[in-house]
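*Asks:* Give me a 3D structure for the following:
(chains A and B)
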Number of protein chains: 2
Amino acid sequence: MDFILTEIAFDRDNIPWNGNRFLIGNGYFGIRGTLEEYTKENMCAVNMAGIYDRAGDAWRETVNAPNPLYTYVKVNGKKYALPENEPVSHEQTLDFEKGLHSRKTVWQTEDGRITVKCERFASMSRRHLISMRYTFAADFECDAEIITGIDGDVWDINGPHFVKFNSGSEDGVNYVEGITGEKHISVTARDSVKLDFDAECSGDVCEKAVYRRIVFKAEPHKEYCIEKIAEITTSEDDFEPIGDIRDITYQELKAEHTAAWEKIWDISKITIDGDDDAMYALNYSIYHLNCIAPREMKGKSIAARGLSGQVYKGAVFWDTEMFMIDYYIYTEPQIAKTLLQYRIDTLDGARQKAKEYGLKGAYYAWESQDGGYEGCSDYNVTDVFTKRPMRTYFRDKQYHVSAAIVYGLMKYIKGTGDYDILNEGAMEMVIECAEFYRSLLIKKADERYYEIHDVVGPDEYHERVNNNSYTNRMAKFVFDTALELMEKYTSDEYNSLKPMLQDSAENIFIRQPNDSGIIEQFDGYFRLEDVSVDEVRSRLIDPKEYWGGAYGVAADTQVIKQADVVAMLSMFKDDYASEIMEKNLEYYEPRTEHGSSLSACMYSLLSCYTNNPKTAYPMFMKSARADLTKGGKEWAGLVYIGGTHPASAGGAWIAAVKGFAGITEEDGKLICKPNLPEKWNGMRFKLIYKNKLYLIEVQNNSGAVMII
Amino acid sequence: MDFILTEIAFDRDNIPWNGNRFLIGNGYFGIRGTLEEYTKENMCAVNMAGIYDRAGDAWRETVNAPNPLYTYVKVNGKKYALPENEPVSHEQTLDFEKGLHSRKTVWQTEDGRITVKCERFASMSRRHLISMRYTFAADFECDAEIITGIDGDVWDINGPHFVKFNSGSEDGVNYVEGITGEKHISVTARDSVKLDFDAECSGDVCEKAVYRRIVFKAEPHKEYCIEKIAEITTSEDDFEPIGDIRDITYQELKAEHTAAWEKIWDISKITIDGDDDAMYALNYSIYHLNCIAPREMKGKSIAARGLSGQVYKGAVFWDTEMFMIDYYIYTEPQIAKTLLQYRIDTLDGARQKAKEYGLKGAYYAWESQDGGYEGCSDYNVTDVFTKRPMRTYFRDKQYHVSAAIVYGLMKYIKGTGDYDILNEGAMEMVIECAEFYRSLLIKKADERYYEIHDVVGPDEYHERVNNNSYTNRMAKFVFDTALELMEKYTSDEYNSLKPMLQDSAENIFIRQPNDSGIIEQFDGYFRLEDVSVDEVRSRLIDPKEYWGGAYGVAADTQVIKQADVVAMLSMFKDDYASEIMEKNLEYYEPRTEHGSSLSACMYSLLSCYTNNPKTAYPMFMKSARADLTKGGKEWAGLVYIGGTHPASAGGAWIAAVKGFAGITEEDGKLICKPNLPEKWNGMRFKLIYKNKLYLIEVQNNSGAVMII
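*Replies:* Predicted structure coming up:
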């Protein structure tokens, strides 16, 4: 089947959404699926991985590079561009097998029709490069002009980030360099253009932009093509661009690029027999995971919205270790290690955050930026009624983040057998996380168990609760893991901590299922109003208002944002009887708004674990199609939260591979216990497990795992 | 000097306020200072002490009796009444030495002027009775009619409370009985009327009201007077009315009544030489304390708004034991004992509340009603922007209430020497309160001290804080008190609790002053925005919006509602150096909004303790004049909170007697260490201390304490 995403006809309402779903990227940057003639008003972005800036008192966020794709046409002196000029026809395409974005637009002019086509890609072989092939044709003779340049007046959510620009032209290479205000980081875009026709070429150098004007007499029905090789560099790069952009041709770069994608797909692709929709959506999700992976990079992780913009401050969330890392562990373990290395490298930031709250050890950021800097402010939502910032507790009280990182590490170690990582900082990280959870433990006078009070669990709609079942269980996991890894660790430097770890692991309060088999999400959850998600939704006065917080519509009800107890059960499935998992699924699912892209895949996975692929399937599809479906949550209060959903993409992969295919580890071996949806006749995919490549073939409900 | 409060001229905007400041009462009920022709629209109330009802899902509150004062006139067929008919002149008077309310109103009619006068009182000698003398005169001959009756269609905030009425007339006595919905309590008003002139009398009996029509030909310049004796009874009464209202004359009842007040004033009055304003305001405060005292009653306490209406649900707050009880201890100790007996009697309600929150012992209600029932809901404020109820934590987390009751008990025992009360339930109460605080203690793993987390202190603008200095200190006080009283207690039944009490008292975290001498109000208070009260006020979008809650304008600042650390210091003055008290006063005063009537008196008292009568004086006057000053806080969110302020009145008394006169106890003796404001030449008042009557005479800065 073809892995092609197409939109035919032009709908201006889709501009923000298309920016996300037509995204291309190579881990170093992401290029939103906007059109070449667009400017910041239409949310163009060449979003740089891990380059941050803070403008004034606004939120710190990633930086968008000057945009070297900026191009439009004039015919007989008149500009034709979307969205201003309604087209006769328009088509936008993403070939996500090859990582190629293209568009074709036809406009009616006074004298006849003109056609603009463009193909572009973010080079997967040379990470600094972007290339495009832009073609103009008219069905009548005309004076044509192609204006192409580098636009430094970029879209920013909390900008502007460039406080100084250097623009110019040298030996056929134009450039715009922006310098950020906070750390004086230089972000430069350069371009070089080749024509296959005669034209009069000139240029303009402005403060924030450079332009080339290519003026020519166009003959009817003849295609005029320009090819641009552009390069992005920053002063933070730890690798050099390969080659001189003036020497590189579009065709050769494209050949390299598609070859690189082919290599990725060879291990990544998942074939599903009998369900093209599912196969399409799942591989589309895998495409996104590949676009944003910090492949061959150092000290970088993946932001919650990938490289689709500055949403969520371009920050790294627990999403990475919870939902994305699995895919990389089993397809390109080096990328998984890079993600973990980011956490090891930023341990100091986590230590500092713990100290700030009078806690010990490492408290990882909810919104982690460079150096582990906590990007989250105390006011992360704006009240729609008063327009005031609302005091939120994502930053202070989502204690589960540190545990998620340890959980991600353990998944990596189990999947790769790479215990060496412990000596590369990971053991210290685990110990610091354990010390952190120790410092959260409190004991009531005259009671036996340690409790953790005043937390926000994964379900953010209920703030400041006590003994969130998920958080307590994760804290125990960290204590257990520290003890387990100590046995594998080559030094005995942490051995004196064993009594503390044992005491913590044994005496932390782990909530058991009640008489109905349900695990209460936190102290007092069952006493909250038990009411449907629809009823809660109907109480909204403003559709953009925040459901959580102290007074949100969900706050005093049992309606939750996302999997919480269900997430916990899916992560510790071996601790619970299938019947308990089923009962909790049944209880919590109708009470879950799925207001987070992290939710549906957890429900899907747990449904697979309880042999309910039928229930799992729609949740899986919701995750896999998160970026293909319009109408996702775009606002929290007055804050824009749109963008791609790599955690959903990763969650879809987990649901497919661990859920439906039933890939699991038993006694150090990979085995396959499939639970395919009814219409799936089979699945076929490759996995890397402990340095060996496996081919998995599932036929109906039996699976074969073969080393290849 | 005369103790007379007068308003000359009529201002309809003052109707609610006058209802409070012209209040009369006798502890059994309070009668708002509204005019005789007023109905529920103008907030008339005969507010019954301790009779509660809940209508539907609305807040439970006290009941207003059918109003037997309802009276108006008609002249030549036309009704004359305020506020509808603008008067020529109008005067409203409260003689608060005699407990007499009167009014005189002149209207211009088409034919001439008419004058209505009325004097009334709530009998201090026979607690069921109300009496009034209503006089009509015209300066022209006319057909006059006085309509007087019992109006059962009463003002309610969360009503209606009467679900059934019985109205009628029998042997010259009219009556309206209302039956409440929740507990079927009967509340009946009866009246009997005498005339001193010839008239044609008839009557109407309606569902909720009875009326007498007194029709007569009025000669010019002649006064026509009717006298009414009315009686209120309820099915909850534990004492009988004295006498038949038909046999009682106005003059004889008035003579009894003023004699009773005279007896009260003989011990209550405080003379201040050189400051008539202060003397007037202080004795006006004392008047209110006497109007609402449950004198010769059982099982009743005093509501936060006295008997001025249903505001704050007619509920008993910690105000009583903190700010009011002192006055009674030293003037009529039997009343103080009645107040404490109410708490002893409602211990079961407090036990039940503790259990509801998974706590032990006795957790007294924030808004205590009959049986200790917690009148406070989880939603005690309405959001002005969304009109939604806001989740508040007054009910759940103001843990300091139980301690205030123990503190009140100890003041009583120290002031009276009455240790017998321990055998009458008080010891059990103290022990249960100690068990309650024990169950709040938590200890962090690896730390030494017990902490108390997630509380609301006296400063309600900061919710859910940890280690509120006031609350922790009060908890320690309860442990210490339980240990101290155990030595005086005749039984050893609680001796096994000693180790627990000692451990708690020794190891609870008591915050010490920081390097600047300031005691931080709670964990992290100093990290909040340090900004002026005016700046915070300027951030209000709506003047009625609540300053506290999760997102109120004060919540994330250091601006506090009321004395918190300062209250603690004034209560435990012997534990702190004068310099520390001064520094904390200096620090906290400019950060205090004084949004509670409990605030100013604490600042005044502590200023006296640090020998700053000049600073203390305006705060004292603010307290003493709380009900004399227009513009008090009347709204919290969309909830009306107007009414009288007996805690301010009590606080003014404390500031005057314990502060300025410097009355204190040393080695079991009453001594006087005065700190008079500059213009006060002297003070003279009586006190009862340990069953002996004392006369205190202060001249400049020396004081004499004489047993009389």
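*Asks:* what about the residue in the stretch 101-250 of chain A that chain B sits nearest to, which SS state?
*Replies:* Residue nearest to chain B within the stretch 101-250 of chain A: residue A:158 (20.9 Å; CB to the nearest CB). No exception for glycine: its C-beta is placed from N, CA and C like everyone else's. In three-state terms, and counting by DSSP: H, G, I helix; E, B strand; the rest coil, residue A:158 is coil.
*Asks:* for the closest residue to it other than its chain neighbours, helix, strand, or coil?
*Replies:* Distances taken as CB to CB, 6 or more residues apart in numbering or on different chains place residue A:58 nearest to residue A:158, at 3.7 Å, with adjacent residues excluded. Look at residue A:58: counting by three-state DSSP, its state is coil.
*Asks:* So residue A:280 belongs to a helix, correct?
*Replies:* Yes - counting by three-state DSSP, residue A:280 is part of a helix.
*Asks:* Is it in contact with residue A:3, as I believe?
*Replies:* Yes - counting by CB atoms under 8 Å, residue A:3 is a contact partner of residue A:280 at 7.0 Å.
*Asks:* returning to that earlier point: can you give me the neighbour number for the residue nearest to residue A:158?
*Replies:* 15 (other CB atoms under 10 Å in any protein chain shown).
*Asks:* can you check the one 4 residues further on too?
*Replies:* For residue A:62, the number of neighbouring residues by other CB under 10 Å comes to 30.
*Asks:* ditto for residue A:642
*Replies:* Using other CB under 10 Å, residue A:642 has 18 neighbouring residues.
*Asks:* Now do the same contact list for it.
*Replies:* With contacts defined as CB atoms under 8 Å, 6 or more residues apart in numbering or on different chains, residue A:642 is in contact with A:16, A:17, A:20, A:311, A:632, A:634.
*Asks:* Work out for me the element it sits within.
*Replies:* For residue A:642, there is no enclosing helix or strand under DSSP states H and E.
*Asks:* out of the contacts of residue A:642, which are inside helices?
*Replies:* When DSSP state H defines the helices, the subset of these inside them is A:16, A:17, A:20.
*Asks:* Can you convert those residues into TSV and add a column each for distance to chain B?
*Replies:* Shown next, in TSV, are those (distance: CB to the nearest CB, whole Å):
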residue	distance to chain B
A:16	28
A:17	30
A:20	32
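*Asks:* still on that earlier bit, quick check: the residue of the stretch 101-250 of chain A closest to chain B touching residue A:64?
*Replies:* No - the criterion here is CB under 8 Å, and residue A:158 misses it with residue A:64 at 11.4 Å.
*Asks:* got any residues that touch both of the two?
*Replies:* Counting by CB under 8 Å, 6+ apart, the residues touching both residue A:158 and residue A:64 are residue A:310.
*Asks:* neighbour count winner among these two?
*Replies:* Comparing residue A:158 with residue A:64 by other CB under 10 Å, the one with more neighbours is residue A:64, at 30 against 16.
*Asks:* right, and the secondary structure at that one would be what?
*Replies:* Going by three-state DSSP: residue A:64 is strand.
*Asks:* Next, the contact list for the closest residue in space to residue A:274 that isn't next to it in sequence, please.
*Replies:* With CB to CB, 6+ apart as the criterion, residue A:274 has its nearest non-adjacent residue at 4.0 Å, and that residue is residue A:681. Going by CB under 8 Å, 6+ apart, residue A:681 touches A:273, A:274, A:699, A:700.
*Asks:* hmm, which two among those are most spread apart?
*Replies:* A:274 and A:699 (11.0 Å; CB to CB).
*Asks:* shared neighbours of these two, anything?
*Replies:* Shared contacts of residue A:274 and residue A:699, defined by CB under 8 Å, 6+ apart, comprise A:681, A:682.
*Asks:* Write out the residues of the stretch 501-650 of chain A neighbouring chain B.
*Replies:* A:504, A:541, A:549, A:550, A:551, A:555, A:556 (CB under 8 Å from any CB of the partner chain).
*Asks:* Next up, the contacts around the fourth one.
*Replies:* With contacts defined as CB under 8 Å, 6+ apart, the neighbours of residue A:550 are A:463, B:390, B:391, B:549, B:550, B:551.
*Asks:* residues from chain A in reach of chain B?
*Replies:* With CB under 8 Å from any CB as the criterion, chain A comes near chain B at residues A:378, A:383, A:385-386, A:388, A:390-391, A:438-439, A:441-446, A:450-451, A:453-454, A:464, A:500, A:504, A:541, A:549-551, A:555-556.
*Asks:* ok, of those, which come out buried?
*Replies:* Buried subset of those (neighbour count, 16 or more other CB atoms under 10 Å in any protein chain shown): A:383, A:385-386, A:390-391, A:438-439, A:441-445, A:450-451, A:453-454, A:464, A:500, A:504, A:549-551, A:555-556.
*Asks:* Nearest to chain B: which residue in the stretch 451-600 of chain A?
*Replies:* Counting by CB to the nearest CB, the stretch 451-600 of chain A gets nearest chain B through residue A:550, at 3.3 Å.
*Asks:* so how far is residue A:389 from that residue?
*Replies:* 14 Å (CB to CB, to the nearest Å).
*Asks:* rewinding a little: which of the ones in helices among the contacts of residue A:642 has the largest number of neighbours?
*Replies:* residue A:20 (25 neighbours).
*Asks:* Let me see the confidence value for it.
*Replies:* If you check residue A:20, the pLDDT there is 96.
*Asks:* Point out where the stretch 601-708 of chain A drops to low pLDDT.
*Replies:* A:636-637 (pLDDT under 70).
*Asks:* same deal with chain A?
*Replies:* A:636-637.
*Asks:* Just the element for the nearest residue to residue A:570 once chain neighbours are set aside, please.
*Replies:* Of all residues not flanking residue A:570 in the chain, residue A:606 sits nearest, at 4.3 Å (CB to CB, 6+ apart). Secondary structure assignment for residue A:606, by DSSP H and E: helix A:600-609.
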